[in-house]
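>>> Here is a sequence with its predicted model. Questions after.
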Amino acid sequence: MTADLIARYSAPVPRYTSYPTAPHFHEGIGEVDYRRWLEASSQGALSLYVHIPFCDRLCFYCGCHTRQVRRYDPIATYLEALNSEIALVAKHLPLRRKVAAIHFGGGSPTIVSPDDLGRLRATLDAHFEIGPECEISVEIDPTHVDADKLRAWRDLGMTRASVGVQDFAPVVQASINRPQSFDETAMVVRTLRDLGIGSINLDIVYGLPHQDRDMLLRTIELSLSMQPDRIAMFGYAHVPWVKKHQSVIDTATLAGPVDRFTMAAAGAGAILAAGYDAVGIDHFARPDDSMARKLRDGALRRNFQGYTTDGADTLIGLGASSIGKLPQGYVQNIVATGQYCRSVMEGRLPVARGFALSDADRASACAIEALMCQYAFSVAELRARFGGAADDACNDALHASFNEDGFVSFDGDRFSITEEGRPFVRTIAARFDRYLDRGKGKHSSAI
């Protein structure tokens, strides 16, 4: 792969965890729309995303909506509002709904006290049907958690833990304000295993300041020694115009497109050599893991948490800044925790903005998700689902000069990305994004 080719396909594009992407959400969608969408909701199982926007410290690389706190009072106040929002959302659903999956994200969900976790689970049980088959996944910062907190999450029902690693090199950790030893990380993983948590994911990041290929490979080697069920290897997104704290990172210490590509390829090779299956652009799973099975079955999905086995058509976002997806469109809650709490405690659904989907939007979303998950889609299948809207969504892209670099093939029905083109799937998928050229929002590198 030449440097010129890598540079050409490294223009900033979205990660496509939704379509249209969040920069295109607008204030024209609000509480009235969300209430109406909830009331029209179907009877199938739904999923929940619960956002805990607090951390004990601020990591400079972080792109999440979160804030550092030194006292527990703001967290307790927030959790009171979160419990109220759960009740408020459930009130607008036409019946008590079964939950297929719950994901606790942040911030650091493990900042919540065991007693408050118990109250949160009681609130969820009071308003939703959460059976033993529900997958409950939790993001864990291993530097600020102990056995009692992990036990409390196990008692809440956690079935899968996503443990943040990033990189074990001290120079990298110092540059992102994330000191974290291998020993303390391994201890958390062992404790999770001892508690009976059956699925553990480790998150690794490449493209961090001062990081090079050898550092990444050493981090992967240490991570593999913990025998995770899944590994996610994300590219660092440097977006200081969105996250001002990232401006403390010296851009001169960041790898360029070619070095990022080399790191990603070397890291993926090391994980594959250890017997994992590649799942999309940045996930890896043991062949017997549910995510690998979904990939083989053609049922892998993609949502705001990345690749997922969750097939529910309704995802309800709970908490400040969280995003929900319903068949009618997207809604995002108020970002500022104080405004979010006031809205909920006044009895209002805390919607800040959203997006109502057209059939052409749904067709484009289907094509992009299929490319991101399976590297291919069928135009005939799109037409069968969406009629003429499929042509509205895809015609311009399919008639573009696409295959000059040998990265795609199109036989008139099946559009496929070649093996060589897979590292650039986001750039290729962006050709089907009808909103991207409207100049709203900036995105991270495509690699």
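Cool, got the structure.
>>> helix, strand or coil for the residue nearest to Gln180 when sequence neighbours are not counted?
Sequence neighbours aside, Thr143 is the residue nearest to Gln180 in space, at 5.0 Å (criterion: C-beta to C-beta, 6 or more residues apart in numbering). C-beta: built from backbone N, CA, C; applies to glycine. Following DSSP: H, G, I helix; E, B strand; the rest coil, Thr143 is assigned to helix.
>>> thought Thr143 was touching Asn177?
No: contact criterion C-beta atoms under 8 Å: Thr143 and Asn177 do not qualify, at 11.1 Å.
>>> ranges for the helices of the stretch 251-400 of the chain?
Applying DSSP state H, counting those that start in this stretch to the stretch 251-400 of the chain gives helices spanning 257-273, 290-297, 337-345, 359-374, 379-386, 388-398.
>>> If you average pLDDT over each of those helices, which is lowest?
Note on these: lowest mean pLDDT is at helix 388-398, with a mean of 84.
>>> helix or strand right after it?
strand 408-410 (DSSP states H and E).
>>> Neighbour count for Thr143 and Asn177, which is higher?
A direct count of neighbours by other C-beta atoms under 10 Å for Thr143 and Asn177 places Thr143 higher, at 18 against 15.
>>> measure that one to Ala429 for me?
35 Å (C-beta to C-beta, to the nearest Å).
>>> do the same with Ala352
For Ala352 relative to Ala429 (C-beta to C-beta), the value is 27 Å.
>>> How about Ala376?
11 Å.
>>> Counting neighbours, go ahead and name the busier of the two.
Under the criterion of other C-beta under 10 Å, the comparison of Ala376 against Ala429 puts Ala429 first, with 25 against 15.
>>> For that one, give me its contacts.
13, 16, 367-368, 371-372 (C-beta atoms under 8 Å, 6 or more residues apart in numbering).
>>> again, only using 6 Å
16, 368, 371 (C-beta atoms under 6 Å, 6 or more residues apart in numbering).
>>> go on, Ala390?
363, 382-383.
>>> Roughly how far does it sit from Phe355?
20 Å.
>>> Tell me the confidence at the residue nearest to Gln180?
92.
>>> That one contacts Arg178, correct?
No: the pair Thr143 and Arg178 does not pass the contact test of C-beta atoms under 6 Å, sitting 7.7 Å apart.
>>> what's around the closest residue to Leu436 other than its chain neighbours, how many residues?
Excluding the flanking residues, the one nearest Leu436 by C-beta to C-beta, 6+ apart is Ala430, at 5.6 Å. By the measure other C-beta under 10 Å, the count of residues near Ala430 is 22.
>>> Quick check, Ala430 in contact with Pro12.
No: assessed by C-beta under 6 Å, Ala430 is found out of contact with Pro12, at 9.6 Å.
>>> If you tally nearby residues, what's the number for Asp146?
So Asp146, with other C-beta under 10 Å, has 11 neighbours.
>>> Regarding stretch 224-233, how distant is the last residue from the first?
13 Å (C-alpha to C-alpha, to the nearest Å).
>>> again, but for stretch 242-252
Stretch 242-252: ends 19 Å apart by C-alpha to C-alpha.
>>> Give the buried residues for it.
Buried residues in stretch 242-252, counted by 16 or more other C-beta atoms under 10 Å: 243, 246, 249.
>>> any chance of those in JSON lines, plus pLDDT and distance to Tyr236?
What follows is the buried residues of stretch 242-252, written out as JSON lines (pLDDT from 0 to 100; distance: C-beta to C-beta, whole Å):
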{"residue": "Lys243", "pLDDT": "88", "distance to Tyr236": "12"}
{"residue": "Gln246", "pLDDT": "89", "distance to Tyr236": "9"}
{"residue": "Ile249", "pLDDT": "93", "distance to Tyr236": "9"}
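>>> Quick one: mean pLDDT for the helix or strand harbouring Ala152?
Taking DSSP H and E as the definition, one finds Ala152 inside helix 147-156. Across helix 147-156, pLDDT averages out at 96.
>>> Return the distance of that helix from the chain's centre.
Distance of helix 147-156 from the chain centroid (C-alpha atoms, centre = their mean, to the nearest Å) equals 23 Å.
>>> if you count residues, which helix in the chain comes out on top?
helix 73-91 (DSSP state H).
>>> Touching that one from outside, list them.
54, 116, 123, 127, 318-319, 337, 341, 344-345.
>>> Looking at those, spot the one nearest Gly196.
Asp116 (22.4 Å; C-beta to C-beta).
>>> So for that closest one, what's the nearest residue that isn't a sequence neighbour?
Leu79 (5.2 Å).
>>> Count the residues that sit near the one you found.
22.
>>> With adjacent residues omitted, what lies nearest to Phe304?
Per C-beta to C-beta, 6+ apart, closest to Phe304 is Thr17, 4.9 Å.
>>> hang on, the one you found packs against Gln305?
No: judged on C-beta under 6 Å, Thr17 makes no contact with Gln305 at a distance of 7.5 Å.
>>> Please go through this structure and pick out the longest strand.
Secondary structure of the chain per DSSP state E: the longest strand is strand 97-106.
>>> how about the closest residue to Gly105 other than its chain neighbours, secondary structure?
Spatial nearest neighbour of Gly105, excluding adjacent residues (C-beta to C-beta, 6+ apart): Glu139 at 5.2 Å. On the three-state scheme (three-state DSSP), Glu139 is labelled strand.
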